[in-house]
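Enquirer: no sequence on this one, just coordinates:
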């Protein structure tokens, strides 16, 4: 029977057109007993493939098609793993093949290849097939009419792999020279006295994917389909077909077909079981005792005198027993070791005098925060006993994979820590986890559009109208709106639509996980190929987090968290501006002023609870303490939303506020103990586990299995099994079928896309701390947010406007006052009067060179302020391009020459004075001589400065653009501050800058826009029919006018939009508007900062 | 455009085939051997998609011919090299 020994999945990036799982399922349905995955130069998809195959009852064969360079030419050989030695050799060969791929510049990756000598050295345990029809090591020589070279190479491979493990590969791609080539290959095999073997060189699991495979090749070559014709496959015969059809295809070579089965029988290596991975410390006999010693030592310190000491002791003993039973003591000690390393790195990065010195190097997140062992070893900063955290989700005796310990670090510490981990454990023993960016609608339109040769302008228009997270069907809906009905019918655009649907979710290339690291006792390159990452000094394994988990790898997540960086910067800024040293672990957690601001949804910039959706909810849930904030953080997630938790939770909180005796209507009394803190609703991930245990008698590991099944896409069958078990268990507990059904629906709706409580506790605390800093250290907090961009929900311009409305002063960029980063000017500085203010940094000016700005600031600090523009040009050493940009941004307005506040004059002076012009005999140096007076120039004026601000820094610290525009706008337009006074249900019209767009999957097609004017911001609710009428406007317009119904409810204000229009001046501008102002809106539209767009957040 | 004509345009030929679809007779002359057989499936993104099954034949009168049949059609064409 024919067995396929040569197949490519989508992990042959931009060549294979099906996922490994699709191939495995198709192989099973065709009745293949075994099937090989041989992706180009990698095993990226092999673990997924192996698990999928085993699930379908197909034996997975691990292999790769390796590129071999001999002389100047790259050829392919097909390598198949026979045993553990062979797998090790394959991993080493693939590592070698990739080792030089980032040699030129880290950002540009070159083709991987290994030398023939390297292949010869790593032949043991591998079966080698002579390669594909066009580029194969042997067959390729026939295609190039160089049969002598082909035979020479075949003989070398035969010598390396031996008669038992080298085969001549016959393929039948239905190309013009197939028969002649196969005749020559068969004769060559006879001369070499070895067998031929048939192979399909499969590139998709189904013939219908052939067009996509063509398109992928074109994308990979950056060519159109027409241009790429010579390198495309030319027909659909590379799709997987049945063993019978393959045998018929090779009717002239029945022995080559029979040989596929004989080889498959020998290839018994099982990737799912024979990896032999171990992590450092896993075999340390003293690890159990050492972990217990460390924990008990800290238990005494942390719980001494605490009323819950006994409970803590009991929990610790229980956790340590589970850890011992699972053999994971070394795992925890390894994490602790990493944290110690992080402590050293943090001290180095922060410096000895830093106010940040009192802060821990990082914080725990995720379910590990529920573990008392993590708390005592410093891996978490939340007391799980005090916070009543349940550790079953993190650690249970029947766990089948490594628990996850995720650590958040400020970005600067993490950047240094990752290479330091490589140093500590050795580059052969540690690497980052891979990630595979997959196609989304925008990328699909751009890549496929180019391949189809569609006009670039049209591609851009259509791509801009589809959301990042939406389905491919959105593209079709948007086509006519973007291009008009006639162009939308163009055959190439019609051809794009099915391709886009198919390409969605396929990996485009490999990348690195944000912070997941794998550490191994055995050299990692023996268990998974390691390849250089795009960032210099980093390397990744070829597997993503799911494959690493399936492989049983210990994955350590060292994540960068923008808010943690911002909070640390804020502490530092407070130290510098006020000479105060803040210890965030000691701030009061019951500050009423903080909770008042949270309840009023004044949370712009606050971690996790600043989003539009959170702001809508806060006035209704009315958080009163940290526990409420922890629930709040978890509430606005797809799980609780789809599980139907939101409205009951809000209603019950309201009922309790009105009547403290209100009785929570639990679905069943058995659920009261586990859902009490969330008022009978499922908000946290653990509650899925706890509900299954309470209602249906699941064991903790069974319930964890249910949670995992729901959080992975591949597990429909497992969910069905859990469903039966859930109903049977509920019935045994006397729960009615209807009740069990309702609770199951809540669990299913939740589907795992929620936070564990432990994670919420960690994030909730950071949310509170950031809110506390925002209230008590407003300027420093704003300053740190500006310096940590990009992060959070709002663009810098919105952060500044919101802070200004709260009375925080923000001063413009100034060459004589600004540093490179934004900073807070303290009252002690001689040139600042009346309190603290945030000074925008020179680094905010787009396009200036960082090193020039650093030199400018250093020279100013050394030699005093710049007294003139010529002096600035001469002393700072900054070139003309940077100085021009500073002039446009207004950074030279403060230099005391010429008319104050005139950027045109500064620009003129810079042009005369700056260095960098090529003269007759070289570059003109800048001399400290003030240039002559400029000609009379028209001042920019307020509006001109605003446009220049947006163009050069992306924000303005002066008047809000809507304030400047207001006199020219329709007087009927309401300001956002008017909306709290107008009648609920009335029709209103508002206008402003769009600062955020959100189209959550959970909102049934509703789009939300946040519209900002000079008084504040309002939430626009755009229903699907309005969205459909105004797609391009909703997606892209920076300035909008909206008419709709005002809805005011429980402290929230919304406008449900009935009609939208681009913002225009009134038809007849008042006569006082000068002609230069008449272009105002169009100018602003060009330069206004793009609002942030959000789709299915959290997925 | 007047005066222009396509070079090497395929010409209609009469072909009789075996049950598998391979040519047995071309213009009444027996096919001695099928030297090559290949498929071209291309231009699927245009209004004129191309799907042709080609045969390179040695026929009894000593000529070598390349013929093709378009997918879904019964007509055969001779491709002039």
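Expert: Received it, and whenever you're ready, just let me know what you need. As the structure is a computational prediction, the values presented were derived from the model and not from experiment.

Enquirer: pLDDT value on residue A:657, please?
Expert: On the pLDDT scale, residue A:657 is placed at 93.

Enquirer: Check which helix or strand residue A:594 maps to.
Expert: helix A:592-599 (DSSP states H and E).

Enquirer: touching chain A at all, the lengthiest strand in chain B?
Expert: For chain B, the longest strand by residue count, based on DSSP state E, is strand B:29-42. Yes - residues of strand B:29-42 contacting chain A under C-beta under 8 Å from any C-beta of the partner chain: B:35, B:36, B:37, B:38, B:39, B:40, B:41, B:42. Where you see a C-beta, it was placed from the backbone N, CA and C, and this is true even at glycine.

Enquirer: circling back to that earlier point, after the helix holding residue A:594, heading C-terminal, what element do we hit next?
Expert: Next element after helix A:592-599 (DSSP H and E): helix A:612-621.

Enquirer: Any idea which helix or strand in the chain has the lowest mean pLDDT?
Expert: Defaulting to chain A. The helix or strand of chain A with the lowest confidence, counting by mean pLDDT, DSSP states H and E, is strand A:918-919 at a mean of 52.

Enquirer: residue boundaries of the strands in chain B?
Expert: Assigned by DSSP E, chain B shows strands spanning B:11-13, B:15-17, B:23-26, B:29-42, B:50-59, B:64-70, B:76-78.

Enquirer: who in chain A is up against chain B?
Expert: Within reach of chain B by C-beta under 8 Å from any C-beta, chain A has these residues: A:174-180, A:210-211, A:214, A:225, A:229, A:232, A:234-237, A:452, A:491-492, A:495.

Enquirer: mind checking how far residue A:30 is from residue A:58?
Expert: For residue A:30, the distance to residue A:58 (C-beta to C-beta, to the nearest Å) stands at 10 Å.

Enquirer: again with residue A:476
Expert: Residue A:476 is 36 Å from residue A:58, by C-beta to C-beta.

Enquirer: between those two, who's got more neighbours?
Expert: Ranked by neighbour count (other C-beta atoms under 10 Å in any protein chain shown), residue A:476 and residue A:58 place residue A:58 first, with 25 against 17.

Enquirer: so that one touches residue A:33, yeah?
Expert: Yes - at 6.9 Å, residue A:58 counts as touching residue A:33 under the criterion of C-beta atoms under 8 Å.

Enquirer: Within its sheet, name the partner strands of the lowest-mean-pLDDT helix or strand in chain B and how each one runs.
Expert: Lowest on mean pLDDT, DSSP H and E among the helices and strands of chain B sits strand B:11-13, with a mean of 92. Sheet pairing for strand B:11-13, assigned by DSSP bridges, gives strand B:76-78 (antiparallel).

Enquirer: Need the residues that contact the partner strand.
Expert: B:10-15, B:23, B:26, B:65-70 (C-beta atoms under 8 Å, 6 or more residues apart in numbering or on different chains).

Enquirer: Let me know the angle separating the longest strand of chain B from strand B:50-59.
Expert: For strand B:29-42 against strand B:50-59, the angle by axes from the mean of the first three to the mean of the last three C-alpha atoms, to 10 degrees is 150 degrees.

Enquirer: From residue B:57, how far out is the residue nearest the centre of chain B?
Expert: Centroid-nearest residue in chain B, with C-alpha atoms, centre = their mean: residue B:68, separated by 1.8 Å. Applying C-beta to C-beta, the value for residue B:68 to residue B:57 is 11 Å.

Enquirer: Check residue A:496 too.
Expert: 39 Å.

Enquirer: Comparing those two, which residue is more hemmed in?
Expert: residue A:496 (27 against 23).
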